[in-house]
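Asks: Compute the structure for the input listed below.
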Amino acid sequence: MKVAIIGGGAAGFFSAIAVKENHPEAEVIIFEKSHKLLSKVKVSGGGRCNVTNACESISDLSKAYPRGEKLLKRAFHRFNNKDTMTWFESRGVPLVVQEDNCVFPKSQDSQSIIDCFLSEAKRLGINIKTGIGIVSLRSIDSKVELEFTENIPSRSFNKVIIATGGSPKRSGLAWLEKLDHKIEEPIPSLFTFNMPDEAIRKLMGIVVENTKVSIQGTKLRSDGPLLITHWGMSGPAILKLSAFGARILSKLNYEFSIQVNWVNEQNQMIIFDELSRIALEHENKILSNYRPYDLPDRLWQYLLEKSELTPNKKWSELGNKGLNKLVRFLSNDNYRVKGKTTFKEEFVTCGGVSLESINTNTMESKVFKNLYFAGEVMDIDGITGGYNFQAAWTTGYIAGELK
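Replies: Numbering: from 1, shown residues only. Prediction:
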């Protein structure tokens with residue numbers, strides 16, 4: 001059996017290795033159009049490669065995917081995050097789990113993951129060809145014929161797995177659309193919020209660990225750490241919103257208002273009672289010297305200024321009016337977003353080959369026999385935290401069974 005893998009990234013390598021482990025006699029070739037292999041693995045996680053997330057249950061794991069949750073919830077029973085950790089560690093790559101459940105190689109270097117894949121490919125006899133793109137494919141006598149770039153003669157394969165990654169433009173998926181696959185419009189996911197007109201940018205570098213953020217006029221909300229940047233806001237709370245709201249925010253042309261709850265407490269009476277307690281127990285302390293909820297100092301001074309409260313005023317002098325002002329800015333602080341910025345070097349797309357065109361039990365195309373899919377070329381994407389790689393490993397594992 002001859003098997004072609006189109007794409008030399010995370011899903012491509014994982015599916016190629018899975019093919020050889022399931023079908024040792026198969027001839028497997030990875031075709032990568034660029035001259036770089038595993039380039040996204042190299043830069044992910046700041047060059048450390050966040051291979052998966054160590055959350056405990058399959059239910060929690062699948063909830064991290066704005067698109068593909070149902071498919072992956074089933075698929076994770078066959079290969080999940082715990083299987084991923086066993087897979088790498090059994091191949092000589094020790095892993096560490098951070099407090100936030102993100103999993104990295106112990107070396108803190110993505111090259112450990114790349115070396116593991118290259119070593120496995122060599123051990124299993126997987127052929128790798130770079131600088132060779134695919135122009136088109138067609139079905140001939142139950143085989144799949146690939147037409148290549150660079151004047152290379154076309155070749156036929158028994159099975160083909162497409163693992164080309166996310167395409168930022170629909171045109172990059174045109175060759176698959178021509179084969180009657182339904183395409184979901186590709187748009188960005190996982191991006192940070194630009195706030196060119198907001199003074200809070202002067203607090204760049206501040207992280208607030210426990211926030212809740214919502215987008216006005218929608219049901220979109222998210223919680224978690226928030227990072228203030230020189231262009232606006234980032235961090236897990238913002239990135240989750242960008243992923244789950246990808247299509248809505250695109251329609252808004254990335255211009256909208258957000259509400260930040262700096263203390264992640266919805267009930268304003270509870271916040272009022274906490275501030276009242278402080279005013280009673282620390283009546284002679286001045287506002288600027290006593291921060292509620294252990295907020296970062298620069299943020300607290302900024303919120304005092306924004307709420308037009310004198311920093312040198314004593315807590316006992318606030319009164320209900322002053323306390324209510326603080327409650328409002330702690331729980332419902334508004335900011336205007338105008339534009340987005342890609343999160344580090346990690347470009348993730350919402351969209352791709354529709355799951356309606358794929359047999360999600362096997363990853364085989366419903367409209368083109370012996371053609372399979374793995375990774376982000378499908379309409380599957382997750383939030384930040386190792387989830388997108390986990391989707392690549394899981395779908396690559398299933399596609400590699402070639403059922």
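Asks: how about the helices of the stretch 51-200 of the chain, start to end?
Replies: 58-62, 69-75, 81-90, 111-124, 174-177 (DSSP state H, counting those that start in this stretch).
Asks: Domain map for this protein?
Replies: As assigned by automatic domain parsing, the chain contains the domains 2-187+347-399, 191-342.
Asks: which stretches of the stretch 201-350 of the chain form helices?
Replies: Counting by DSSP H, counting those that start in this stretch, the helices of the stretch 201-350 of the chain are 236-244, 246-251, 268-281, 297-306, 319-331.
Asks: any idea which of those helices is most buried?
Replies: Across the helices of the stretch 201-350 of the chain, averaging neighbours per residue (mean count of other Cβ atoms under 10 Å) puts helix 236-244 on top, at a mean of 25. Heads up, the C-betas are built off the backbone N, CA and C, glycines and all.
Asks: list the helices and strands that helix packs on?
Replies: When contacts are defined as 3 or more Cβ pairs under 8 Å, 6 or more residues apart in numbering; DSSP states H and E, helix 236-244 sits against strand 183-189, strand 191-194, strand 207-215, strand 221-228.
Asks: and the domains of the chain, which is most packed in?
Replies: Using mean count of other Cβ under 10 Å, domain 2-187+347-399 ranks as the most buried of those, with a mean of 19.
Asks: and it, how far out from the chain's middle?
Replies: Chain-centre distance of domain 2-187+347-399: 15 Å, with Cα atoms, centre = their mean, to the nearest Å.
Asks: Report the rounded mean pLDDT for that domain.
Replies: With pLDDT averaged residue by residue, domain 2-187+347-399 scores 96.
Asks: residues contacting the residue nearest to residue 8 when sequence neighbours are not counted?
Replies: Leaving aside its sequence neighbours, residue 8 sits nearest to residue 32 (Cβ to Cβ, 6 or more residues apart in numbering; 3.0 Å). Going by Cβ atoms under 8 Å, 6 or more residues apart in numbering, residue 32 touches 7, 8, 9, 12, 128, 129, 130, 131, 132.
Asks: re earlier: how about the helices of the stretch 51-200 of the chain, which one is nearest residue 247?
Replies: Residue 247 lies closest to helix 69-75 among these, at 15.0 Å (Cβ to Cβ).
Asks: What distance do you get for residue 302 to residue 73?
Replies: 42 Å (Cβ to Cβ, to the nearest Å).
Asks: The residue in the chain sticking out farthest from the centre: what's it in contact with?
Replies: Within the chain, residue 284 marks the point farthest from the mean C-alpha position, 47.2 Å out by Cα atoms, centre = their mean. Contacts for residue 284 (Cβ under 8 Å, 6+ apart) come out as 314, 315, 316.
Asks: wait, the second one sits on residue 287?
Replies: Yes - distance between residue 315 and residue 287: 6.4 Å, which falls inside the contact criterion (Cβ atoms under 8 Å).
Asks: Turn the helices of the stretch 51-200 of the chain into a markdown table, including distance to residue 50.
Replies: What follows is those, written out as a markdown table (distance: least, Cβ to Cβ, whole Å):
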| stretch | distance to residue 50 |
| --- | --- |
| helix 58-62 | 14 |
| helix 69-75 | 17 |
| helix 81-90 | 11 |
| helix 111-124 | 10 |
| helix 174-177 | 28 |
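Asks: Between those helices, which one is closest to residue 191.
Replies: Of all the helices of the stretch 51-200 of the chain, helix 69-75 comes closest under Cβ to Cβ, at 20.3 Å.
Asks: what's downstream of whatever helix or strand residue 3 lives in, the next helix or strand?
Replies: Using DSSP states H and E, residue 3 sits in strand 2-6. Heading C-terminal from strand 2-6, the first helix or strand you meet, by DSSP H and E, is helix 10-22.
Asks: Show me what that next one is in contact with.
Replies: Contact partners of helix 10-22, identified using Cβ under 8 Å, 6+ apart, comprise 3, 5-6, 26, 28, 30, 32, 37-38, 40-41, 117, 120-121, 124-126, 159, 161, 163-165, 372, 374-377, 389, 392-393, 395-397, 399-402.
Asks: distance of the residue nearest to residue 8 from residue 215?
Replies: 38 Å.
Asks: Distance of residue 111 relative to residue 15?
Replies: The gap separating residue 111 from residue 15 is 21 Å, by Cβ to Cβ.
Asks: typed the wrong thing, it's residue 172
Replies: From residue 172 to residue 15 the distance is 20 Å (Cβ to Cβ).
Asks: List the contacts of residue 2.
Replies: By Cβ under 8 Å, 6+ apart, residue 2 lies in contact with 26, 27, 29, 156, 157, 158, 159.
Asks: repeat for residue 357
Replies: Contacts of residue 357 by Cβ under 8 Å, 6+ apart are 180, 181, 182, 365, 366, 367.
Asks: Which of the residues you listed sits closest to residue 355?
Replies: Nearest to residue 355 among these: residue 182, at 9.0 Å, using Cβ to Cβ.
Asks: Touching, the closest one and residue 351? I think so.
Replies: No - assessed by Cβ under 8 Å, residue 182 is found out of contact with residue 351, at 11.1 Å.
Asks: farthest pair in the contacts of residue 357?
Replies: 182 and 365 (10.8 Å).
Asks: Flag the shaky bits of the stretch 201-350 of the chain, pLDDT-wise.
Replies: Scanning the stretch 201-350 of the chain with the threshold set as pLDDT under 70 gives 343-347.
Asks: Now with 90, please.
Replies: Along the stretch 201-350 of the chain, the parts satisfying pLDDT under 90 run over 342-349.
Asks: bridging residues for residue 4?
Replies: residue 29, residue 160 (DSSP bridges).
Asks: Now do the contacts for it.
Replies: Contacts of residue 4 (Cβ under 8 Å, 6+ apart): 29, 31, 144, 146, 155, 157, 159, 160, 161.
Asks: go again using 10 Å as the cut-off
Replies: 16, 27-31, 127, 129, 134, 137, 144, 146, 155-162 (Cβ atoms under 10 Å, 6 or more residues apart in numbering).
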